[in-house]
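[1] Predicted model, plus sequence, below.
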Amino acid sequence: MALVPTPSIDGPVFAEVDMGSDSATVRATVVQASTIFYDTPATLVKAERLIAEAAAYGSQLVVFPEAFIGGYPRGSTFGFGATIGSRSAKGKEEFRKYHAAAIDVPGPEVYRLAAMAGKYKVYLVMGVIEREKYTLYCTVLFFDSQGQYLGKHRKLMPTALERVIWGFGDGSTIPVYETPIGKIGALICWENRMPLLRTAMYGKDIEIYCAPTADSRDVWLASMTHIALEGGCFVLSANQFCRRKDYPPPPEYLFGGSDDDLSPDTVVCSGGSVIISPSGVVLAGPNYEGEALISADLDFGEIVRAKFDFDVVGHYARPDVLSLTVKDHPLTTVTFSSGTKAESTQKL
């Protein structure tokens, strides 16, 4: 059974479509909605409302877009502070406000998200901007339906000018969690175009492959379909749907340095959120019309049927010819020893 949304001024209306499933299923929802930019408390309130709506439709898993908490700084030049060899006071102040909207992990916002997952009895995958001291990371957080924080994935490779504002993740945060509703993991946006990183996820037997993104182009659907077929897994891609008015007004926030051609209702990210089966069938979406909850029932028998044809790290693998080594240890900049040799001698 798939729940397919139809846009409405009162919110999404869901129509049920029979998928003919006769095996165990999991109802999943991808959220297509906008951050309330620079207002993390208000964004958390919005997140809870959307989680409650998804739970009311029987969803067991809810997936939010990339950077939903903290915001995706679409179109920003950070006051032209990103120009090579140059920084500006306006750009630095813009980064300060963006840094203030980010969250600590763990921290009070994480505890609140965990409480939401427990209250509504859903597994929750949430895109956030994580703050670790003065460095920001584009991160996905995972929570179980009992209200427990499971862990995180940090984006390994920020795309293009994202590298100016976000740090780089490492191999210690590419988890796949084994849960009662399936093995869940996530890669963020263009990480999904990295073949070796995808292979690492397949090697962990991922079944529910979450792909929070900021890419609303038509070609994104082709990538998501390919991953579903390649991995023999369900792919759940969540993107924001944003209009110019969802960001602060000019001159506080400018798109590309100028808003001359943008009205408050101009769409700056058109969504395209989608759920795809292991056989490459689109179960729900893509939606380019507005904010929506896009849901489908995931028939896990489809994974077995797909793997019969192609198991990328199983019967279709050739480890005698091709192999992958993943360095899954954390990287640290500064390491402190417990004492010097002279200090140890004095203690003796």
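    Perfect, I can see it now. Residues are numbered from 1 along each chain as shown.
[2] low-scoring pLDDT stretches of the stretch 151-300 of the chain, where are they?
    Per-residue confidence for the stretch 151-300 of the chain (pLDDT under 70) gives these ranges: 257-258, 260.
[3] before we move on, what about the stretch 1-150 of the chain?
    Where the stretch 1-150 of the chain drops into low confidence, which here means pLDDT under 70, it does so at 1-23, 79-83.
[4] where do the strands sit along it?
    Listed in chain order, the strands of the stretch 1-150 of the chain (DSSP state E, counting those that start in this stretch) span residues 2-6, 13-17, 25-32, 61-63, 123-132, 135-143, 149-154.
[5] Now do the third one: which elements does it pack against?
    Contact partners of strand 25-32 among helices and strands, from 3 or more Cβ pairs under 8 Å, 6 or more residues apart in numbering; DSSP states H and E: helix 40-56, strand 61-63, strand 234-237, strand 273-276, strand 282-287, strand 292-299. From N, CA and C alone the C-beta is placed, and that goes for glycine too.
[6] out of everything not next to it in sequence, what's closest to residue 271?
    Closest residue to residue 271 in three dimensions, ignoring its sequence neighbours and counting by Cβ to Cβ, 6 or more residues apart in numbering: residue 241, at 4.0 Å.
[7] Return the set of residues that bridge with that neighbour.
    For residue 241, the beta-bridge partners under DSSP bridges are residue 270.
[8] Contacts only, for it.
    By Cβ atoms under 8 Å, 6 or more residues apart in numbering, the contact list for residue 241 reads 32, 33, 34, 267, 269, 270, 271, 287, 290, 291, 292.
[9] Highest neighbour count among those?
    Across those, the neighbour count under other Cβ atoms under 10 Å reaches its highest value at residue 32, namely 32 neighbours.
[10] How about that one: what's its closest non-neighbour residue?
    Leaving out its chain neighbours, the residue that sits closest to residue 32 by Cβ to Cβ, 6+ apart is residue 273, at 4.2 Å.
[11] List the contacts of the residue positioned nearest the centre of the chain.
    Per Cα atoms, centre = their mean, the C-alpha nearest to the average position across the chain is that of residue 212, at 3.1 Å. Contacts of residue 212 were listed using Cβ under 8 Å, 6+ apart, and they are 63-68, 125, 127, 140, 186, 188-189, 237-239.
[12] again, 7 Å this time
    63, 64, 65, 66, 127, 140, 186, 188, 238 (Cβ atoms under 7 Å, 6 or more residues apart in numbering).
[13] That one and residue 223, how far apart?
    With distances defined as Cβ to Cβ, to the nearest Å, the gap from residue 212 to residue 223 amounts to 14 Å.
[14] cool, and residue 131?
    For residue 131 relative to residue 223 (Cβ to Cβ), the value is 29 Å.
[15] Sounds good, over and out.
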